[in-house]
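Trainee: sequence first, predicted model second:
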Amino acid sequence: MEELGRRAARGAGVTVAAQVARVGVQMLSVVVLARLLTPADYGVIAMVLVVVGVGEVVRDLGLSTAAVRSKHLTEAQRSNLFWANTLIGTVLMTALLAGAPLVGHLFGREDVVPVARQVAVVFFLNGLTAQLRADLQRRLRFGAIAAVDVGSQVVGAVVAIVLALAGAGVGALAAQQVTQSFVVLVACAVLCRWIPSRPRRGVPMAELWRFGGSLAASQIAVYIGNNVDALVIGTRLGPTSLGLYDRAYRLVMTPVSQVRAPTTSIALPVLARLVDEPDRLRRYLVRAQLALAYPVMIGAALLVGTAGPATAVLLGDGWDGAAPLVRFMATSALLQTLAYVCYWVYLVFGLSSLLLRYTLVTVALKVVLVVAGSTWGVVGVAAAYTLAHAIEWPLSLAWLSRHAPLPGRRLATGALHVLGVGAFVALAAHAGTTLVHGAAWLVLLVGLAAGAAALGAVLVVPAIRRDAADVVVVVRAAVSRRR
């Protein structure tokens, strides 16, 4: 068990380092591409990706997670899962190629049709990749996964920038999606060195399908809830408004997701080994929440406080309307992160049916709030999106605490500490931006310095110092080279 903890910690260290690199690549591509493309270009690709995202959940059907969490996965089961993902990906690719005009009609934009057809091949590529990547996760090859993720981001960004410079417009963004998926497929195939056998009957697959199906249903509901804002904006307010919203969303959520999502591949196999040790599991969850939430909080709070100059520096001219959206998105990112450990618990205890019921409730809440918020335009949608997550976080703790050994009170206390520090840092950063006038980069630097000073000052509070000590323990374990 001690060896498992060290492997998980080393995996976390490698993953965090890789995610920092990915965030750097993505931020650089955002800065460059925002100056080469228009909000309308981003609006068109966002319309397509709303549809593609739903298809991606269906294409995976929860089978990757089912494979990762399975304690014993036979060669025949693994091969059957591979062919299932590939078949579904092929069907979805064909459906989007044929149905692209319907996507264009949904948004009232003919220029959506060719872009949808360009991106359709992503379904097929990702279908081939799904079980290869799952195998790397099962074997705890976090370094390999990290290298693949960073490499695909770099190649995709380079291709997009070159095509944008050549005047490809939104086609550059479509090519970026396809390139990333292709690079991941090739790299995973080389690393796995595995050739699936032919599909076989009589293989025990029922439990894998049952878990994956319930998980996929909840993931579809989550995706609809997370993207109802883009759907409403795209259909009611047009591509320019959607482009502004999408850039604000991607500017904040993409780096946060890159930090947050891979932690599941580390936490899930570790938690699966702790299900029979509830006390150790609870301690792991509390520290994991702090280690995940505090770094996200620092970035989110600084961005909330300096959204105006940060948007001007990162996106350039023509994106002024994104600043208030960035503030709401940063707040939402932190609230989502606080609830993330609950998602791990659903998975590790196999509570996919319970997760589905909870998700349907929260999605309904989000849809109602977003549709109502759209009355006040794109900013109203962003505010409604944030309000929904503010309600979902405590609801998630209360819901799950009744069904699993979740340390609800300790998680809630830690989360309140994070939110309190975040509010203090954001206010200080915003106050700093009011002290100087001039170039946006200078205002941004002063705001960041004020926020950093506030973060240092808050360490005088004993409870926050204890939180920081827990985070340091996790970080030290992550960078340890002991074996």
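Mentor: Everything's here; your move. Computed from a prediction, not measured in an experiment: that's the story for all the values here.
Trainee: so, low pLDDT: which residues of the stretch 301-450 of the chain?
Mentor: Within the stretch 301-450 of the chain, the set of residues satisfying pLDDT under 70 comprises 318.
Trainee: scratch that, the stretch 51-200 of the chain
Mentor: Within the stretch 51-200 of the chain, the stretches with pLDDT under 70 are 69-71, 140.
Trainee: which residue ranges form the strands in it?
Mentor: According to DSSP state E, counting those that start in this stretch, the stretch 51-200 of the chain carries no segments that qualify as strands.
Trainee: buried sites along the helix or strand hosting Tyr294?
Mentor: Under the assignment given by DSSP states H and E, the secondary-structure element containing Tyr294 is helix 278-305. Neighbour counts using 16 or more other CB atoms under 10 Å place 281-282, 284-305 of helix 278-305 among the buried residues. Quick note: C-beta positions are derived from backbone N, CA and C, even for glycine.
Trainee: who's in contact with Phe107?
Mentor: If a contact means CB atoms under 8 Å, 6 or more residues apart in numbering, then Phe107 has 47, 234-235, 239 as its contacts.
Trainee: same thing with Glu110?
Mentor: With contact set as CB under 8 Å, 6+ apart, Glu110 has these partners: Gly104.
Trainee: quick one: it from Met47, how far?
Mentor: 12 Å (CB to CB, to the nearest Å).
Trainee: name the member of the contacts of Phe107 with the most neighbours.
Mentor: Note: the member of those with the most neighbours is Met47, at 29 neighbours, neighbours being other CB atoms under 10 Å.
Trainee: what's the angle from the helix or strand just after the helix holding Tyr294 to helix 278-305?
Mentor: Helices and strands here follow DSSP H and E; after helix 278-305, the next one along the chain is helix 307-315. Per axes from the mean of the first three to the mean of the last three CA atoms, to 10 degrees, the angle that helix 307-315 makes with helix 278-305 is 90 degrees.
Trainee: who are the packing partners of helix 307-315?
Mentor: Identification of packing neighbours for helix 307-315 by 3 or more CB pairs under 8 Å, 6 or more residues apart in numbering; DSSP states H and E yields helix 2-33, helix 239-260, helix 323-338, helix 440-457.
Trainee: and if we set it to 7 Å?
Mentor: Packed against helix 307-315, as judged by 3 or more CB pairs under 7 Å, 6 or more residues apart in numbering; DSSP states H and E, are the following elements: helix 323-338, helix 440-457.
Trainee: outside of that helix, which residues touch it?
Mentor: Contact with helix 307-315 is made by 30-31, 34, 247, 251, 303, 319, 322-323, 326-327, 433, 440-441, 443-444, 447, as judged by CB atoms under 7 Å, 6 or more residues apart in numbering.
Trainee: if any of these are buried, give me the ChimeraX selection for them.
Mentor: What follows is the ChimeraX syntax for the buried subset of the contacts of helix 307-315, where burial is set by 16+ other CB under 10 Å:
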select :30,34,247,251,303,319,322,323,326,327,433,440,443,444,447
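Trainee: which pair of the contacts of Phe107 spans the longest distance?
Mentor: Taking CB to CB as the measure, the contacts of Phe107 reach their widest spread between Thr235 and Pro239, a distance of 10.7 Å.
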